[in-house]
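Engineer: could you look at this predicted model? Sequence included:
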Amino acid sequence: MTEEQDVAVIPLVEERMFVTKREVEAGRLRVRVSVEEHESDVPVELSHDEVEIERVPVNKAVSQLPSVRLEGSTTIIPVVEEVVVVEKRLVVVEEIHVRRKSTTETRRIPVTVKSEQVHIERSGDAGGADGVGHAGTGESA
């Protein structure tokens with residue numbers, strides 16, 4: 001091309017878009033927690049031991065002091081005394097038999113139980129788009 005020739009210029013135009021975002025309050029929530037108390041009977045097994053004592057006469061001569069012994073669930077405690085005779089000897093005059101009986105009973109014991117309740121109140125135009133789920137108990141809209 002030479003300098004004498006005219007050049008046609010065609011401008012090209014395009015639209016461009018810019019996207020921005022901003023935070024907008026869509027609504028508010030108020031969460032209240034309340035504590036409720038109620039009485040409840042709780043079954044509890046309670047155990048206790050009872051002792052039954054039986055005195056058993058023996059009247060048997062022994063050469064030495066017998067020891068305490070256990071036969072099954074019975075503890076036998078020998079009771080001795082010295083008896084004056086021509087010679088002195090130990091005589092078991094009786095035994096004390098102690099039997100243990102275990103019993104179990106169920107009783108109802110009053111117990112105070114507490115539970116928390118959550119109450120949620122919405123204000124403003126939430127429109128369901130605020131991303132807040134509906135979890136918990138006792139929610140009121």
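Structural biologist: Perfect, I can see it now. Predicted, not measured: the structure shown is a model, and the values here were computed from it. Residues are numbered from 1 along each chain as shown.
Engineer: what ranges does the chain have for its strands?
Structural biologist: For the chain, the strands defined by DSSP state E cover 28-62, 69-71, 74-83, 89-123.
Engineer: highest average neighbour count across those strands?
Structural biologist: Counting by mean count of other CB atoms under 10 Å, strand 74-83 has the highest mean neighbour count of the strands of the chain, with a mean of 14. All C-beta atoms are positioned from the backbone trio N, CA, C, and that covers glycine.
Engineer: strands paired with that one, and their directions?
Structural biologist: strand 69-71 (antiparallel), strand 89-123 (antiparallel) (DSSP bridges).
Engineer: in this structure I120 contacts G27, no?
Structural biologist: No: look at I120 against G27 with CB atoms under 8 Å: they stay out of range, at 11.5 Å.
Engineer: separation between E94 and V84?
Structural biologist: Per CB to CB, to the nearest Å, E94 is found 19 Å from V84.
Engineer: so where's the protein shaky on pLDDT?
Structural biologist: By pLDDT under 70, the low-scoring segments of the chain are 1-4, 125-141.
Engineer: grab the most central residue of it for me.
Structural biologist: What sits nearest the mean C-alpha location of the chain, by CA atoms, centre = their mean, is V113, with 12.1 Å.
Engineer: residues in contact with stretch 12-20?
Structural biologist: The contact list for stretch 12-20 (CB atoms under 8 Å, 6 or more residues apart in numbering) is empty.
Engineer: residues contacting stretch 68-81, please?
Structural biologist: Outside of stretch 68-81, the residues within contact range by CB under 8 Å, 6+ apart are 58, 62, 65-67, 90-100.
Engineer: now T112: closest residue in space, sequence neighbours ignored.
Structural biologist: Distance criterion CB to CB, 6 or more residues apart in numbering; nearest residue to T112, sequence neighbours excluded, is E37 at 5.6 Å.
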